[in-house]
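[1] sequence and predicted model, in that order:
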Amino acid sequence: LTRKIHARAVDSMHASLEAEQRSKAEALRIKKKLEGEINELEIALDHANKANNEAQKSIKRYQGQFREAECAYSEEARVRQEMAEKASLADRRANALAGEMEEARSLLDSAERGKRQTEAELSESRNAVNEMTNINSKASAEKRSVEGAVHTMH
């Protein structure tokens, strides 16, 4: 009986030992599996960190490009505003010059009318001078003839 009990106890210890060895082997297998998963996660984390760093660099580069584009846009807007102001000034100047030109044309027309009138008056005056010269010449000729007749009478 003691032997049976002893055999049962040995069998029970043997079964416990086998169960413990199976549990230990399962624990080692799970440990290796978890270590493998940890390594994979560490590698994935490293890749994610590298990708994040690259993304941060890209964001900074894009921010710099955006700032440059904003500055270029501001400069272009300023230049456009200056050009609009210059165009407005040029339009006003062109309008003023057009007014002055119209006034100059009017003055030129008036001067041409005055010139034609003066030329007409000059022509009339020359005709009058010519008539007076003819009258004067006739009067001088008559005077000489009268003087000749008076001279002959003495």
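    Nice, thanks for sending it over.
[2] count the residues that sit near Leu122.
    Neighbours of Leu122 under the rule other CB atoms under 10 Å: 10. Where C-beta positions appear, they are placed from N, C-alpha and C, glycine not excepted.
[3] could you say which helix or strand contains the residue nearest to the spatial centre of the chain?
    By CA atoms, centre = their mean, the mean C-alpha position of the chain lies nearest to Glu76, the distance being 3.4 Å. If you go by DSSP states H and E, Glu76 is part of helix 2-153.
[4] where does the protein have low pLDDT?
    Counting by pLDDT under 70, the chain has low-confidence residues at 154.
[5] at 80 what do you get?
    Low-confidence segments of the chain, defined by pLDDT under 80: 1, 154.
[6] ok, how many other residues are close to Ile135?
    Ile135 has 10 neighbours, counted by other CB under 10 Å.
[7] measure it to Glu147 for me?
    Between Ile135 and Glu147 the distance is 18 Å, computed by CB to CB, to the nearest Å.
[8] what's the distance between the residue nearest to the centre of the chain and Gln65?
    For Glu76, the distance to Gln65 - CB to CB - is 16 Å.
[9] and what of Ala72?
    Using CB to CB, Ala72 is found at 10 Å from Gln65.
[10] cool, and Ser123?
    Relative to Gln65, and taking CB to CB, Ser123 is found at 83 Å.
[11] please apply the same query to Asn130.
    From Asn130 to Gln65 the distance is 92 Å (CB to CB).
[12] and for Leu122?
    81 Å.
[13] same question for Arg126.
    86 Å.
[14] same deal with Glu124?
    If you go by CB to CB, the gap between Glu124 and Gln65 works out to 86 Å.
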